[in-house]
Every structure is written in structure tokens, then in C-alpha cells.
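Student: sequence and predicted structure, then a few things I'm wondering about:
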Amino acid sequence: MPDRYAVIGHPIAHSKSPFIHGLFAQATGQDMVYEAIDGGAEPGGFERALAAFRAAGGRGMNVTLPFKLAALAVADSASEDARLAGAANTLSFEGGRIEARNTDGIGLVRDIEVNLGLPLAGRRVLLLGAGGATRGAVRPIARAGAARIVIANRTADKAEALAAELAPHLGGVPLVGCGLAALGTQGAFDVVINATSASLDGQAPAVPAGAFAPGALAYDMVYGKGLTPFLRLARQAGCARLADGVGMLVEQAAEAFAAWRGVRPDTREALARLTVPLA
Ligand code: NAP
């Protein structure tokens, strides 16, 4: 019998994870199946679906919105990245225990450093937004050796509070939180990452042109939407290096796959099949 894995979320029909893990399993010769489970909107739906999947022999789950916080809460142990992010996207079921990880930030860093060829060591990094995606990204970016990190958010208080919470865990990498309106005082950045959900509403966070250093990378975590308002804004500011979050999606999946199966899949085919041109 093949080992069983799944992604759980609500809604879930849009998820690319079964496709990505199917490709990985085929390419690495792993005897496994991977399905999508809708946890529903009812309270307790996630926990019930999780229990049923484990009882049926499930080995691990990816977790997406809105259950990432609940996934950390049900875990018996969690990686430092998951604890600091306050959320988990990968669960492993081992010997009656639930182990939680957060591979989103690692996937982002791997996409930027490996797929896009931009080592983060010594770079000034701006993260727009102070939600779950930023929370998960800060520590892996600091671990990659960023020179400084700024979190800028529409609601300034949230960015300031998040920076104060995470700063002691970054091995001395300077971290500042501020409102988008204060970005003019923060100088220029080598990497500007849109971790807001503004693109999903056809909007862009208000970033001044001066935030993009010459040669900067503008990265929108949203994927599959072509040239988003944020990427358009970056291009108008003179930024020539643009990327969306498809690589982050594929690389976070690869990290989860490696944790479950002990083998790291080549991500190039999944990337090529899922990439939508930025036009
Ligand atoms: P979230 O927790 O809901 O946070 C949303 C953030 O966006 C908040 O900081 C919010 O600011 C800000 N925001 C929303 N609309 C805005 C606007 N019009 N202008 C400026 N700021 C705005 O969301 P999340 O979980 O962090 O996810 C953020 C994005 O990352 C989503 O688009 C998601 O699809 C993407 N993502 C991609 C991947 C991937 O694998 N590629 C993985 C994870 C997430 P306020 O605090 O002021 O409300």
C-alpha cells in the first residue's frame, strides 16, 4: 500500500499541492499518494479531518489557510521556525506523535537564492505586510545572513509589535517594524518582498520608488497572477528584476517532501509547469 499524504485547507480545490507532490513522487520513485482534503468552515472541522486521516494511516499533511495556526496547536512538537511563525504548514505523523514544521520561509529563501540566483547574505530586505507570511519569512531570511530587515505594514502597530517579538531570535540581524507611510525614512533595499494580500484585491501596498535600490529584486508572494499591481509599481520605479511566489510555493513543498521522505526532489519541472509569465 502506498503511503498517504494530503493537503488540508478551506477552500482547497485550487490547491496545486497534489500536482506538485505527484510530480515529486514520480520523479523520486516514492510509493505514495497525495490528496486534497477540505477541512470545512465548521469549528472543529480541521481537527476531525486530521484525526480521520491519521486513523486511516496518513503519514503527513500540508496545511493551508485557514488552518495553519490550528496545525501548530495540535502538534506535540514544533520546529523553531514554526514556533516563531506561530503557524505550521507541514505535519508529520510519527509513532503516535504530531511533529510540526513551517517550510514557507525556507521555501522563499531557497527560491530567491537558488532559483533566482540572489544570495541574501549582506542584503537589505524589506518585507511588506505583517501577517502570517511575513512572520514565517523573517527568521529564515535572517539565517541566510541578511544585513538588515525592515517590516513595513499598512497598520504600523502590527509591524512594530512583530519586529519587537522576533528581533531577539535573529542572531543579531537588525530588524525594524514601521508603517508603510514611514518607509521614506528607511532608505533603499536590495530585496523588496510583497507579503501583503493586496494583490489578491488588485491593489499594491504604497511603497515609495526610493525603497528599490538599483538592481533590486521585487518579489510578490502571490503567484499565478502575472504582473501584479505591486510588480507593476516596482517596474515603474525602475526595478528590472521581478518575480512572483510560484517558486516559493514549489520550494516549500520540496522542503516538506524532503522532511517526510528523506529525499530532496528536483523542483525544476514543477516550476516550469506552474510558472505563469509576468506580463
Ligand atoms: P494575512 O495574514 O491575512 O496578512 C495580510 C497582510 O496584508 C496584512 O499585513 C495586511 O495589512 C496587508 N494588506 C492587505 N491588504 C492590503 C492593502 N490593500 N494594502 C496594504 N497592505 C494590505 O496574509 P498572509 O497569510 O500573511 O499572506 C499574505 C500573502 O502571501 C497572500 O497573498 C498569500 O497568498 C501569500 N502567500 C504565498 C505563499 C507562497 O507559497 N507563494 C505562501 C504564503 C502566503 P493590515 O495589517 O494593515 O491589515
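Tutor: Done, it's in. In this text the structure is predicted, and so the values were computed from the model without any measurement.
Student: who in this structure is up against the ligand?
Tutor: 104, 129-134, 153-155, 158, 195-198, 200-201, 203, 205, 221-223, 245, 248-249, 252 (CB under 6 Å from any ligand atom). Bear in mind the C-beta positions are built from the backbone N, C-alpha and C, glycine included.
Student: neighbours of the residue nearest to residue 177 when sequence neighbours are not counted, just the number please.
Tutor: Nearest residue to residue 177, sequence neighbours excluded (CB to CB, 6 or more residues apart in numbering): residue 163, at 3.0 Å. Close neighbours of residue 163, defined as other CB atoms under 10 Å, add up to 24.
Student: surely residue 163 is within a strand?
Tutor: No. Residue 163: not assigned to a strand; according to DSSP: H, G, I helix; E, B strand; the rest coil it is helix.
Student: I figured it hits residue 153, correct?
Tutor: No. In this structure, residue 163 is not within contact of residue 153 by CB atoms under 8 Å, at 9.8 Å.
Student: find residues that contact each of these two.
Tutor: Counting by CB atoms under 8 Å, 6 or more residues apart in numbering, the residues touching both residue 163 and residue 153 are residue 177.
Student: can you tell me the centre-most residue of the protein?
Tutor: With distances taken as CA atoms, centre = their mean, residue 104 lies nearest the centre of the chain, 3.1 Å away.
Student: I figured that residue hits residue 133, correct?
Tutor: Yes. Between residue 104 and residue 133 there is a contact at 6.8 Å, judged by CB under 8 Å.
Student: and the gap between residue 277 and residue 128?
Tutor: Going from residue 277 to residue 128 by CB to CB, to the nearest Å gives 23 Å.
Student: ok, those two, which is more surrounded?
Tutor: The residue with more neighbours, out of residue 277 and residue 128, is residue 128; 29 against 7, by other CB under 10 Å.
Student: tell me what that one is bridged to.
Tutor: Beta bridges link residue 128 to residue 152, residue 194 when assigned by DSSP bridges.
Student: can you pull the contacts of it?
Tutor: Residue 128 neighbours (CB under 8 Å, 6+ apart): 134, 152, 153, 180, 192, 193, 194, 195, 196, 205, 207, 230.
Student: rerun that using 6 Å as the cut-off
Tutor: 152, 194, 195, 196, 205 (CB atoms under 6 Å, 6 or more residues apart in numbering).
Student: what does residue 159 give?
Tutor: Residues near residue 159 by CB under 6 Å, 6+ apart: 130, 151, 152, 153, 177, 178.
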